[in-house]
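**Q** Just need the structure, nothing else, for what follows:
(chains A, B, C and D)
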Protein chains: 4
Amino acid sequence: MNNSFGSVFSVTTFGESHGAALGVIIDGVPAGIPIDPDFIQQELDRRKPGQSAVSTARKESDTGEILSGIFQGVSTGTPIAILLRNSDHHSADYAAIAEIFRPGHADYTFYKKYGIRDYRGGGRSSGRETAARVAAGAVAKLLLKEYGITVRACTCQIGTVKAQMPYNWDEVEKNIVRTADAGASEKMVQVVKDAQAEKDSIGGAVYGEIIGLPAGLGEPVFDKFDALLAHAFMSIGGVKGVEIGDGFDVIEKRGSENNDPMDKNGFQSNHSGGVLGGISNGNTVTFRLAVKPTPSIAAVQKTVNVHGDEMDVEIAGRHDPCLVPRIVPVVEAMAAITAADLLLRNRSAKK
Amino acid sequence: MNNSFGSVFSVTTFGESHGAALGVIIDGVPAGIPIDPDFIQQELDRRKPGQSAVSTARKESDTGEILSGIFQGVSTGTPIAILLRNSDHHSADYAAIAEIFRPGHADYTFYKKYGIRDYRGGGRSSGRETAARVAAGAVAKLLLKEYGITVRACTCQIGTVKAQMPYNWDEVEKNIVRTADAGASEKMVQVVKDAQAEKDSIGGAVYGEIIGLPAGLGEPVFDKFDALLAHAFMSIGGVKGVEIGDGFDVIEKRGSENNDPMDKNGFQSNHSGGVLGGISNGNTVTFRLAVKPTPSIAAVQKTVNVHGDEMDVEIAGRHDPCLVPRIVPVVEAMAAITAADLLLRNRSAKK
Amino acid sequence: MNNSFGSVFSVTTFGESHGAALGVIIDGVPAGIPIDPDFIQQELDRRKPGQSAVSTARKESDTGEILSGIFQGVSTGTPIAILLRNSDHHSADYAAIAEIFRPGHADYTFYKKYGIRDYRGGGRSSGRETAARVAAGAVAKLLLKEYGITVRACTCQIGTVKAQMPYNWDEVEKNIVRTADAGASEKMVQVVKDAQAEKDSIGGAVYGEIIGLPAGLGEPVFDKFDALLAHAFMSIGGVKGVEIGDGFDVIEKRGSENNDPMDKNGFQSNHSGGVLGGISNGNTVTFRLAVKPTPSIAAVQKTVNVHGDEMDVEIAGRHDPCLVPRIVPVVEAMAAITAADLLLRNRSAKK
Amino acid sequence: MNNSFGSVFSVTTFGESHGAALGVIIDGVPAGIPIDPDFIQQELDRRKPGQSAVSTARKESDTGEILSGIFQGVSTGTPIAILLRNSDHHSADYAAIAEIFRPGHADYTFYKKYGIRDYRGGGRSSGRETAARVAAGAVAKLLLKEYGITVRACTCQIGTVKAQMPYNWDEVEKNIVRTADAGASEKMVQVVKDAQAEKDSIGGAVYGEIIGLPAGLGEPVFDKFDALLAHAFMSIGGVKGVEIGDGFDVIEKRGSENNDPMDKNGFQSNHSGGVLGGISNGNTVTFRLAVKPTPSIAAVQKTVNVHGDEMDVEIAGRHDPCLVPRIVPVVEAMAAITAADLLLRNRSAKK
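**A** Take a look at the predicted model:
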């Protein structure tokens, strides 16, 4: 199934950027989980467009309407469907580029795949699709909460500006770039504004954690905890790299440096990022993602159209000059969905 | 299904390091693909232990016996099963550590997950499991060959020694570390030998490519081409990071630098690594993986046993001092399986 | 995934009888299939409540709103979501039986499975759920139409009244019991009315056909064409038996009678019902289903409540006295979904 | 996946009638289940050919070799692979019919599906494939046993001879037709021998039960307990009809007759066959299957070959004159696999 993720806790999304609505069916939620609609909306609000000076000007309330699966405040075990109507779609913005392949976008590849494409705002390839993931992620977080598991992420780098560790997680929602380092936030904002002023965009990185996982989650061969996380994160448009634990730093390390010794109190370090042999070891799962600069830029770019004619293109419309701040809640959502799924899958590990 | 990968071209593996046998069922191979058993064996030989001075001394012929699915030299459309008997298992080496959790290994996590574990040589968590993947990958390569698609990978870094670009792919099988830079190979070998001499191990990186893909492969939302590759690669034991195209370099890039402009002849650059919006764009798909240093080292390490007693451990047995050279064919196998699956899945994209 | 059906053409439904809405996501529709919303609505109308003297008095317009996946009149290859709002739900009818297990219903089993249940109108176990299937089935029919494949079903028996062969398919939509034998329709209506008058209900049978299938559809072992049909049909609430071809008549047959001989023009008979070894043989696929009498009856019945107290119950509310007439379009929908899925799955059978 | 069945407890089979071997991977067996290899072999012996005067003369020991997934007598949570070598294959018997489509067989449909076929003994479409299912079913039975669940089946009819209820289950393995009515067994044997003597074959029926199931198993919409059973049973070659509970008898019943009333002690009758709304109700699950007469008969039949030439064919080789006695253990296996899967799936029903 092409638009689904997860085996037991499974999420199926639908909807185009400029269609009637987006939405999601969350199947496999065990009965009896308290579902707080306000929390779901709050999560959607963190991702919605138009929220700050460094995000797109598109205005969408992104109001999540819960259609099923909840009765008297708790999940019933049946599918939870959540609907988000589109309202502020300026489809006319896109008529001019209906036949043009925007550089860095999925226009060309959708056209080659399907023979046609819904060109309005990127159609299904729009980042807008991730709103449905955030709704599902909110439900996953509510499930995880029942088991003492939390997920958090933040912007750890924009351009060359890095957040300094140790991160101050209380800062994340206090600055518009969602970084965990108050000292870096202003510089990051400036980097984004500079790029935008120059009709350009800028890349960045997201760091995140899953806290409170029991040891034993993840399937040992193909569906390792980290493998599913990598799948989940790389499925977010714009993500080009995924690290678990020490990630690319392990290349130059020796085994004696990289192994995490154990004593009576557990692991003495966490180079592994909380996963050994693909299975959670009870430590915090840590990860870092590389996010490419927004492909939609106002500067003139070379491209071709569906007829193969070469041309210049300037991307009109309303776009985020940096994807990272609004990707943070999407990353959390995908981490939560993955953890929820593996938590439930693990229920059949033992007699 | 916990031990399967792929939707249409799907691979299910079984077997423990010190059990009777390993094997794989490859389901979904279209009828009519020429299957050359010698090629499958040749691929298995590239991964088998005991092949060089920098690999484990365990001796296994890793002879692949094809049990089904082939008639008169071609695939019949029914499952292809391939069996690999274990022969040189020194299970006695492991009796002493039956209750000890080896640092950096899956011993602790398997124990927490299942309540028991087959401690002999890591059981199912052993790298030996990847032999079955290589057999399946060989079948995937034979399928891809019919469509002009090839996969290749090489060691691009061990410790601090990097292979220099442009890579010379003809070199890869000529040196025991499988690097594509003849000038770097000796230094890499030395780095490995130094680590081993010091009872230690060393990390490294693998670079790879999928060449000849048509545009249009990959599913647009969760099962993006790059997302499935990330899943596939991160499911290989020891891989801690995955990059597609420019990977982590995109963090500091601007959109105008990172977008790949098009002209009549196609894309003028390949920062994206051949994937746009999760769908192949007809360019070469490129990727790089971080591989951790082998956790099994002869040096003394701190750990605990199943009873929580603290103790020192020295890992006896026969181990690769660097995982990278033997992971190269496994990486190719997982890339080929992923590409084969998405090639077939794409057959239902259009009317 | 508990609420999904199909591998390539896959259908995921959600919604409760008395919740906000029902709906379906249809994933895997190839791009370029003309999608006629009027046809979808027409199919929904065939199943909707309140359509005749022998169906429930509940009034629902069952208006299907297409939310995604269609652009300029054709499918885009992305998920097609269809929403059906509930309007005429008399939830108060059910408050009195919130703790009572209605005989023949899923009340007891849902309660045991989930620990709670949405008691309003049966919640998720309501026959109302099948509206979403009919919407999906309409899309499947539009896909099949492109390949010359059609599906049809009719009521072939109610109580002891049987429709006589050869069936006159033009009659089906002309009588309120949906039988293909005009001569039997009045008797069938009378049987239903008699049951209703006596505060009771009556069973029946559905016969159906899939016409125009190419030979070669179906997977040879577990996902045989007939096995998936049996799954599809038995998943419709109230269906207690499924036959393919000659069905239970084969018990007393000899091989020489039951085999369908071939000549140059194809098969000379169709005892097999169009399926050999689980794969379509190019003949019409034929099937027959047994449908139990509606469990909701106005007569007094013995039962217990959640506390184990014994009591009498009379089912208030509005119910079909015979399920068969309104199940006919549901049966067609499930047959169409199954055929569409296997048609697409077959695209990877050969090189 | 075309050759797999089950979601959590999942079974993937491979192998052709005249290839090197058959086998199965059973994935999803929880760790800690005692696995008795002798019991697995005993089940295989019940299905193996050459066991009686009314079964094929082919001699196969059908020795199941367990390759993985078991350590110190219990399942480890990793895949259990079981291998069965073929030995007594008279492939030469089939050379003469390599291009001929045997009536009632899958020869024609495989050829149309794949463009080629392994004609030796039916290849993958052979009933021999069910040996792998029986091995998997034995593992499922061992799992179910831990939860007090048992499965049993018997021959309830051959030709016009019916076993009389109440069944005497102790008789089943004492007569070569596996009926539960000692009085009917001789007549049944005679019916089979008569058919064989006349170069023909005969159909029959299987009745079965799953005993000791807790209430609550089965998923409410598509993957109902009875729907998955119907899928499982109809996937056995030769099965043309499936009934659950009262099956086709419900057609003529009224709701007041068909509903099973409850009192303090549970259900007072079992017309439903232990399933309500697709979910087990704690009663015994009952089912009946129609099995067609063996298509391989020695009598002359009309057919065509791959070139479309009309011809007569007499099926040489060694065949069961009635499929029913040897299908009984296969039916049990499929019922056990289905129940085991739904038992494990149900672990995520509630918080």
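
**Q** Retrieve the pLDDT associated with residue A:89.
**A** Per-residue pLDDT puts residue A:89 at 69.

**Q** try residue A:120
**A** Value listed for residue A:120 in the pLDDT field: 89.

**Q** Kindly tell me how buried it is, as a neighbour count.
**A** As a burial measure, residue A:120 scores 21 neighbours (other CB atoms under 10 Å in any protein chain shown). Where you see a C-beta, it was placed from the backbone N, CA and C, and this is true even at glycine.

**Q** Quick check: it touching residue A:92?
**A** No - the pair residue A:120 / residue A:92 is not scored as a contact, 9.1 Å apart, by CB atoms under 8 Å.

**Q** any idea how far whatever residue of the stretch 201-350 of chain A ends up closest to chain C lies from residue D:136?
**A** Distances between the stretch 201-350 of chain A and chain C by CB to the nearest CB are smallest at residue A:341, namely 11.1 Å. Distance, residue A:341 to residue D:136, by CB to CB, to the nearest Å: 25 Å.

**Q** And the helices in the stretch 1-150 of chain A?
**A** In the stretch 1-150 of chain A, the helices defined using DSSP state H, counting those that start in this stretch lie at A:37-47, A:92-95, A:107-114, A:130-145.

**Q** which residues touch residue A:342?
**A** Residue A:342 is in contact with A:217-219, A:223, A:225, A:228, A:280, counting by CB atoms under 8 Å, 6 or more residues apart in numbering or on different chains.

**Q** Columns distance to chain B and secondary structure on top of those residues, output as CSV?
**A** Output for these, formatted as CSV (distance: CB to the nearest CB, whole Å; DSSP: H, G, I helix; E, B strand; the rest coil):
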residue, distance to chain B, secondary structure
A:217, 8, coil
A:218, 8, coil
A:219, 4, coil
A:223, 6, coil
A:225, 9, helix
A:228, 7, helix
A:280, 7, strand
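
**Q** quick one: secondary structure of residue A:173?
**A** helix (DSSP: H, G, I helix; E, B strand; the rest coil).

**Q** Would you mind giving me the confidence score for the residue lying closest to it once chain neighbours are set aside?
**A** Counting by CB to CB, 6 or more residues apart in numbering or on different chains, residue A:173 lies nearest to residue A:46, which is 7.5 Å off, once chain neighbours are set aside. If you check residue A:46, the pLDDT there is 96.

**Q** Pretty sure residue A:46 sits against residue A:137.
**A** No - the criterion here is CB under 8 Å, and residue A:46 misses it with residue A:137 at 10.3 Å.

**Q** More neighbours: these two, which one.
**A** residue A:137 (31 against 21).

**Q** burial count for the nearest residue to that one once chain neighbours are set aside?
**A** If the residues on either side of it in the chain are set aside, residue A:137 comes closest to residue A:333, at 2.3 Å by CB to CB, 6+ apart. Residue A:333 is flanked by 30 other residues according to other CB under 10 Å.

**Q** before we move on, what about the one 10 residues further on?
**A** The burial metric for residue A:343, expressed as a neighbour count using other CB under 10 Å, is 24.

**Q** Have a look at residue A:341 and residue D:136 and say which one is more surrounded.
**A** residue D:136 (31 against 25).

**Q** What residues are bridge-paired with the closest residue to the more buried one other than its chain neighbours?
**A** In space, not counting the residues next to it along the chain, residue D:136 is nearest to residue D:11; the distance is 4.3 Å by CB to CB, 6+ apart. Note on residue D:11: beta-bridge partners by DSSP bridges are residue D:5, residue D:26.

**Q** Test my guess that residue D:11 contacts residue D:5.
**A** Yes - the pair residue D:11 and residue D:5 passes the contact test of CB under 8 Å, sitting 5.1 Å apart.

**Q** intersection of neighbour lists for those two?
**A** Contacts common to residue D:11 and residue D:5, judged by CB under 8 Å, 6+ apart, are residue D:337.

**Q** ok, these two, which is more surrounded?
**A** residue D:11 (28 against 24).

**Q** That one: what's it in contact with?
**A** D:4-5, D:24-27, D:133, D:136, D:337.

**Q** now it: how far from chain A?
**A** Distance, residue D:11 to chain A, using CB to the nearest CB, to the nearest Å: 15 Å.

**Q** Contact residues of chain A facing chain D?
**A** A:7-9, A:28, A:30-33, A:77-78, A:146, A:220, A:344, A:347-351 (CB under 8 Å from any CB of the partner chain).

**Q** Not counting sequence-adjacent ones, nearest residue to the residue in the stretch 151-300 of chain A positioned nearest to chain B?
**A** Proximity of the stretch 151-300 of chain A to chain B (CB to the nearest CB) peaks at residue A:277, 2.3 Å away. Leaving out its chain neighbours, the residue that sits closest to residue A:277 by CB to CB, 6+ apart is residue B:106, at 2.3 Å.

**Q** which ones are touching that neighbour?
**A** A:220, A:276-279, B:122, B:125, B:237.

**Q** Now do the helix or strand harbouring residue A:340: distance to the chain's middle.
**A** In the assignment (DSSP states H and E), residue A:340 maps to helix A:324-345. Relative to its chain's centre, helix A:324-345 lies at 7 Å (CA atoms, centre = their mean, to the nearest Å).

**Q** Between helix A:130-145 and that helix, find me the angle.
**A** Calculated by axes from the mean of the first three to the mean of the last three CA atoms, to 10 degrees, helix A:324-345 forms an angle of 50 degrees with helix A:130-145.

**Q** which residue packs closest to the closest residue to chain C within the stretch 101-250 of chain A, ignoring adjacent ones?
**A** Proximity of the stretch 101-250 of chain A to chain C (CB to the nearest CB) peaks at residue A:114, 3.7 Å away. The shortest distance from residue A:114 to any non-neighbouring residue, by CB to CB, 6+ apart, is to residue C:31 (3.7 Å).

**Q** That neighbour against residue A:116, yeah?
**A** Yes - Residue C:31 is within contact range of residue A:116, at 5.7 Å (criterion: CB under 8 Å).

**Q** overlap in contacts of these two?
**A** The contact lists of residue C:31 and residue A:116 share C:74, C:76, where a contact means CB under 8 Å, 6+ apart.

**Q** Between the two, tell me which one has more neighbours.
**A** residue C:31 (21 against 18).

**Q** Now for whatever residue of the stretch 151-300 of chain A ends up closest to chain D: which residues touch it?
**A** Among the residues of the stretch 151-300 of chain A, residue A:220 lies closest to chain D, at 7.0 Å counting by CB to the nearest CB. Residue A:220 is in contact with A:277-279, B:2-3, B:106, B:110, B:113, B:124-125, D:78, counting by CB under 8 Å, 6+ apart.

**Q** And it, its phi and psi?
**A** When read as degrees, to the nearest 10, the backbone of residue A:220 gives phi -70, psi -20.

**Q** Next: residue A:217.
**A** Main-chain dihedrals, residue A:217, degrees, to the nearest 10: phi -90, psi 140.
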